[in-house]
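Q: Mind folding the following:
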Amino acid sequence: MPRRKKAELYDLVQRIIHMHEVEKKDFKTIASILRSEGYDISKSAIHRAYRDYKEFAKKYNEWWDKIEAIVSMTQDKPTSFMLSAVVSVLTQHVMDFVKDIDFMEFEDPNDLIKAVKDLTQMAKSLEEYIGERLKRAVEKIEEEGKKKGIDPEFLKRIKEEIYGI
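A: So this is what the prediction gives:
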């Protein structure tokens, strides 16, 4: 596991953010205040903590924008399509964090493995659910089409369109 940064070790990140963004203090002033309170932390350590926070916030906002776009694009589609897309984005998000293992902070690696496994299983279950729903829809279309005397070739083209053949 990577070495923890002093701001995290002392649990000062939120305080640093508050002093910099709300109280409008510069990093040198923040370092001076924290050192006067007994924390052994430098201006550069404070600046790194702030920079890391901003990078994480940017990634989080990008991730949230993707989720909002997916919800917007799938709002007129079955809920299962939306869930499938959201699970896909979540899985990608977890994989992005795994790629940058130094950034990861977790007490038990098994928690990460379980999260990835659960997301994979959720994606698989959604895919199976969607496939089953499509299969039932095609069967219903064929059944009703035969009852109403719809051209079998037309029904075949509909089936191919639904299955993407």
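
Q: And the longest helix along the chain, what's buried?
A: Longest among the helix segments of the chain by residue count, using DSSP state H, is helix 109-147. Within helix 109-147, the residues scored as buried using 16 or more other C-beta atoms under 10 Å are 115, 119, 122-123, 126, 138, 142, 145. No exception for glycine: its C-beta is placed from N, CA and C like everyone else's.

Q: Kindly report the same for stretch 22-36.
A: Neighbour-count burial for stretch 22-36, counted by 16+ other C-beta under 10 Å, picks out 25, 27, 30-31, 34.

Q: Now do it: everything it contacts.
A: Residues external to stretch 22-36 that are found in contact with it (C-beta atoms under 8 Å, 6 or more residues apart in numbering): 12, 16, 19-20, 41-43, 45-47, 50.

Q: Average pLDDT for that stretch, rounded please.
A: Model confidence over stretch 22-36 averages 91 on the pLDDT scale.

Q: what about it, distance to the chain center?
A: 33 Å (C-alpha atoms, centre = their mean, to the nearest Å).

Q: quick one: the helices in this structure?
A: Ranges of helices in the chain, per DSSP H, are 6-9, 13-17, 27-36, 43-74, 79-99, 109-147, 152-163.

Q: rewinding a little: for the contacts of stretch 22-36, give me a markdown table that also has distance to Asp76 and neighbour count.
A: What follows is the contacts of stretch 22-36, written out as a markdown table (distance: C-beta to C-beta, whole Å; neighbours: other C-beta atoms under 10 Å):
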| residue | distance to Asp76 | neighbour count |
| --- | --- | --- |
| Leu12 | 47 | 21 |
| Ile16 | 44 | 23 |
| Met19 | 46 | 20 |
| His20 | 43 | 19 |
| Ile41 | 52 | 20 |
| Ser42 | 54 | 13 |
| Lys43 | 52 | 16 |
| Ala45 | 50 | 22 |
| Ile46 | 48 | 27 |
| His47 | 47 | 18 |
| Tyr50 | 42 | 19 |
